[in-house]
Structure formats: structure tokens, C-alpha cells
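Peer 1: Everything below, folded, please.
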Amino acid sequence: MNQAVDAQAKQALEKIAPVTLKPQGYENWQIPWDIQVKAVAAGVDKQEAGEKLIADTQGKFAEFRAQHPDLQGKKAAIVMPYGGKLGLYTDADGRGQFIESMGLTIPDAVQGTDKSSFYRDIAPENYSLLEQVDVLYVLDYQGSASALKDDPAFQPLLSKTVFVEEAVGNAMSVPDPLSIPWALDKLK
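Peer 2: Residues are numbered from 1 along each chain as shown. Below is the predicted model of the structure:
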């Protein structure tokens, strides 16, 4: 659903079952979870059930926002350390969409204006760019946050950093009506 399928793959898949394709107008890996639910629900002729799933899940985000008024409107970013740098997820990515649905905002000055990509790299010499956010979520994949905690370039950001365990990061990466409530509960 989140990536384009070429004509040959579509024909092969249609021999097995009906195929629901990526909605028009979205780049690979940049389809919001609710649009995915609508497309899948339409594909199996369950539009009403899909709308209920969306409403229920949006309700979970609303509950989170009500329980965390201190986060509302705050500037935030979500990053993953890798290869000696940070990969910052934009609001085009599920992780960025997730934190924005929590009531936070990813500033354009942080994420950049290139909407064709769901992430951007930030080298250690540019970590100061993240000083403008109020909350910095760091995905701790395979212990990658340990080295970051010891990085002198990252030290000024530690007081605003929330380290997110791998399973929660995975749930935020591909948000859906099952993973969203679980991840929100873990982020409380």
C-alpha cells in the first residue's frame, strides 16, 4: 500500500486476490495512515468500517492531546541515529505525521522544504539546528542512542530528548489503527 507496484507485479498479484494500489498523488512511503485505511476499506467494500476505524483512532490522538496539554503546539522533531549522523523524519513520513497528530509541530526550518523526501540527514556539525525544537524524539534502534548520548555535539540537546524504544519507533513508522493506540500508550 505504501509503495508503488509496477504493472507486471500488479498482474501477478491480481491472479491471487484483488489488488489495492497506492493512492494517486503520494510519494512512496508518504501515504498518511488514514488514507491507507480508506483505500484498503474501499478495496474490500468496507468503507463504513474503515471510517469507524479512522474516527476511533483519531479519537485516541485526541485523548492523548487532552492528557498532554503541555505538548500542544510545541516544536518537535523525530530522528534516528545511524552512520554517525541523524536521519530526521519529515511530516511526510509516518513518524513525523505521528508526532504532529500528537499535537506537536515540526518546523520547516528543521525539516526543510523538499517534500519529495520523507527524511533528511543531519551531520553532527549541524545538530545545533535541533536546538530550536522543544521536544526531540530519538528512535533507539539496536542501541544506537548509546553512542549519541556520549557525542559532544549532541550534549546540548539531551535535556529536551525523549528516547523511544525500537518497538515503539516501528509502530510510529507504519502507523495504523492497531499500532497507534499502542504507541501512544507507550509514549505517555
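Peer 1: After the least confident helix or strand in the chain by mean pLDDT, which helix or strand is next? Please name it.
Peer 2: The helix or strand of the chain with the poorest confidence is helix 7-14; it has a mean of 88 (mean pLDDT, DSSP states H and E). Later in the chain than helix 7-14, the nearest helix or strand by DSSP states H and E is helix 33-43.
Peer 1: which helix in the chain runs the most residues?
Peer 2: helix 47-67 (DSSP state H).
Peer 1: residue ranges with poor pLDDT in the chain?
Peer 2: 1-3 (pLDDT under 70).
Peer 1: follow-up on the earlier one: run through who's touching the following helix or strand past the longest helix of the chain.
Peer 2: Sequence order places strand 76-82 as the next helix or strand after helix 47-67, per DSSP H and E. Residues outside strand 76-82 that contact it (CB atoms under 8 Å, 6 or more residues apart in numbering): 86-89, 95-96, 98-99, 104-107, 110-111, 122, 130, 133-139, 141, 144-145, 147-148, 164, 169, 172. Every C-beta, even on glycine, is put in place using the N, C-alpha and C of the backbone.
Peer 1: SS state for the residue nearest the centre of the chain?
Peer 2: For the chain, the residue nearest the mean C-alpha position is Arg95 (1.1 Å; CA atoms, centre = their mean). The three-state assignment at Arg95 reads helix, by DSSP: H, G, I helix; E, B strand; the rest coil.
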